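Undergrad: Got a predicted structure plus its sequence, pasted below:
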Amino acid sequence: MLFVSAHNSAMDVSAHTSSEQADDARPASIYDVATAAGVSIQTVSRVMNGHPSVKPSTREHVLAAISRLGYRPNRAARVLAGGAVRAVTVLTSNTTLYGQRSALQGIEEAARAADFAMGVRVIESEEPAAVADAVERAMEQGGALIVVAFDRAGTRALAAVPAGVPWVGIVETPVGGEGDGKPWVWIDDRQAAARATAYLSELGHRTVHYVSIPSSTATSQRLAGWRSALEEAGAPVPEPIPASWHPRSGYEAGRLLARDPAVTAVLCGNDDLALGVIRALREAGRVVPDDVSVVGFDDIPQAEFVTPALTTVRLDFTDLGRASFAALQEQIGAAPAETPRPQPELIVRESAGPPPSLP
């Protein structure tokens, strides 16, 4: 279910003027003008677009701030004034991980088909200052925003988008009704993890161990789906093994799991972790799937070509990117083409099978 410093201390300037100067080398932004003039960014935008609703005294105050700061208007003003939106900037903390880069592909394809310009702004870290800077710089490009919020940097960016800016968030599966009424899209991770876990239980495994990826929220819905499926089956719930996103982390987790002869089934938070786990098991003399079954998440392109071919949960992030752009078009009053909402799909290959026979 679907659901983006150089401080000049040599100049002798007054305290009032120095408070209005940016502390770095970047050009003044619409936010700087709004702060200097003591008005909202929407008011600054309306002044620059000649909107008749602005009082003459306010207009003069804003124009004076623009002159002092040397602000050069950009497309952000047009968007905030309610102009037509024909551009989108995607905010993400990572462009190389499979989910993020696939979502970017889907957004780009949909934006190009709709004759929208598209840009990408990378959030350098999850620190609040870095997140705020990325959102501000993305706004300077004008247009709407799509925020890929699969981590803490992304979720903080969602909260930092100013009112009045059209935006959509690509998020992890919300808890309960948390996503109701919000401009969010997602694939149901909880459902997907529960299905993969139930599949391994149905093969006869006593329990399923879980190697987890980081989560953007306090409660990972992949982990919650795994846990709920085990509890429903009346199976023991092992302590999950926390990992990062990459094969090396999966390899280290696999070395731990290989030491326990009772481990016969492992669900991994993504396919890269699964590949690392399989390598570690093989080095330890544990055969996949004869001794240990391994299931991944995402269905990366390599999954069907490794040996053994990886059983995994297919999450179509490219379609999720397209769906996020369709949701954005709905928000700005455009008429998007019908876009199916992506559903998770269990892809059964060679890396999972029944547990080894008891001696």
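TA: That came through, no problem.
Undergrad: Pretty sure residue 329 sits against residue 114.
TA: Yes: applying Cβ atoms under 8 Å, one finds residue 329 in contact with residue 114, separated by 6.8 Å. C-beta coordinates here come from the backbone N, C-alpha and C atoms, glycine included.
Undergrad: between these two, which one's more packed in?
TA: Taking other Cβ atoms under 10 Å, residue 329 and residue 114 do not tie; residue 329 has more neighbours (23 against 17).
Undergrad: What pLDDT does the model give the more buried one?
TA: At residue 329, the pLDDT value in this model is 89.
Undergrad: Assumed it was part of a helix.
TA: Yes: looking at residue 329 with DSSP: H, G, I helix; E, B strand; the rest coil, it is inside a helix.
Undergrad: Just give the number of residues close to the residue lying closest to residue 254 once chain neighbours are set aside.
TA: In this structure, residue 254 finds its nearest non-sequential neighbour in residue 280, 2.8 Å apart by Cβ to Cβ, 6 or more residues apart in numbering. The number of residues packed near residue 280 is 19, by other Cβ under 10 Å.
Undergrad: Which strand or helix spans residue 280?
TA: helix 271-283 (DSSP states H and E).
Undergrad: Quick check: buried residues in that helix?
TA: Within helix 271-283, the residues that count as buried by 16 or more other Cβ atoms under 10 Å are 271, 272, 273, 274, 275, 276, 277, 278, 279, 280, 281, 282.
Undergrad: Then stretch 169-178?
TA: Within stretch 169-178, the residues scored as buried using 16+ other Cβ under 10 Å are 169, 170, 171, 172, 173, 174.
Undergrad: Stretch 204-217 now?
TA: Neighbour counts over stretch 204-217 (16+ other Cβ under 10 Å) mark 205, 207, 208, 209, 210, 211, 212, 213, 215, 216, 217 as buried.
Undergrad: quick one: that stretch to chain centroid distance?
TA: Mean-position distance between stretch 204-217 and its chain equals 20 Å (Cα atoms, centre = their mean, to the nearest Å).
Undergrad: need the contact list for residue 197.
TA: By Cβ atoms under 8 Å, 6 or more residues apart in numbering, the contact set of residue 197 is 208, 225, 226, 229, 230, 267.
Undergrad: Run through the stretch 201-350 of the chain and note the low-pLDDT ranges.
TA: For the stretch 201-350 of the chain, residues meeting the criterion pLDDT under 70 lie at 217-218, 335-340.
Undergrad: ok, residue 122 touching residue 95?
TA: Yes: look at residue 122 against residue 95 with Cβ under 8 Å: they come within range, at 6.6 Å.
Undergrad: Where does residue 211 sit, in terms of helix or strand?
TA: Secondary structure assignment for residue 211, by DSSP H and E: strand 209-212.
Undergrad: What helices and strands are in contact with that strand?
TA: With contacts defined as 3 or more Cβ pairs under 8 Å, 6 or more residues apart in numbering; DSSP states H and E, the packing partners of strand 209-212 are helix 221-232, strand 241-242, helix 247-258, strand 265-268, helix 271-283.
Undergrad: Partner strands of that strand and their direction?
TA: strand 241-242 (parallel), strand 265-268 (parallel) (DSSP bridges).
Undergrad: Can you give the contact residues for the longest one?
TA: If you take Cβ under 8 Å, 6+ apart as the criterion, strand 265-268 is touched by 193, 196-197, 200, 203, 205, 207-211, 226, 250, 254, 257, 274, 277, 292-297, 352, 355.
Undergrad: With the shortest one instead?
TA: Here strand 241-242 makes contact (Cβ under 8 Å, 6+ apart) with 209, 210, 211, 212, 214, 253, 256, 257.
Undergrad: any idea which of those residues is the one closest to residue 301?
TA: residue 211 (20.9 Å; Cβ to Cβ).
Undergrad: Now do the contacts for the closest one.
TA: Taking Cβ under 8 Å, 6+ apart, we find residue 211 in contact with 240-241, 243, 250, 253-254, 257, 266-269, 273-274, 277.
Undergrad: 6 Å instead?
TA: Taking Cβ atoms under 6 Å, 6 or more residues apart in numbering as the criterion, residue 211 is in contact with 241, 243, 253, 268, 273.
Undergrad: what's the distance between residue 64 and residue 47?
TA: Separation of residue 64 from residue 47 (Cβ to Cβ, to the nearest Å) stands at 11 Å.
Undergrad: quick one, which of those two is more surrounded?
TA: residue 47 (24 against 12).
Undergrad: Secondary structure element for that one, which one?
TA: helix 41-48.
Undergrad: Residue 169 looks like it's in a strand, true?
TA: Yes: counting by three-state DSSP, residue 169 is found in a strand.
Undergrad: State the pLDDT value of it.
TA: 95.
Undergrad: can you pull the contacts of it?
TA: Residue 169 makes contacts with 147, 149, 158, 184, as judged by Cβ under 6 Å, 6+ apart.
Undergrad: Can you select the buried ones from the residues you listed in PyMOL?
TA: Listed next is the PyMOL selection for buried residues among the contacts of residue 169, using 16+ other Cβ under 10 Å:
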select buried, resi 147+149+158+184
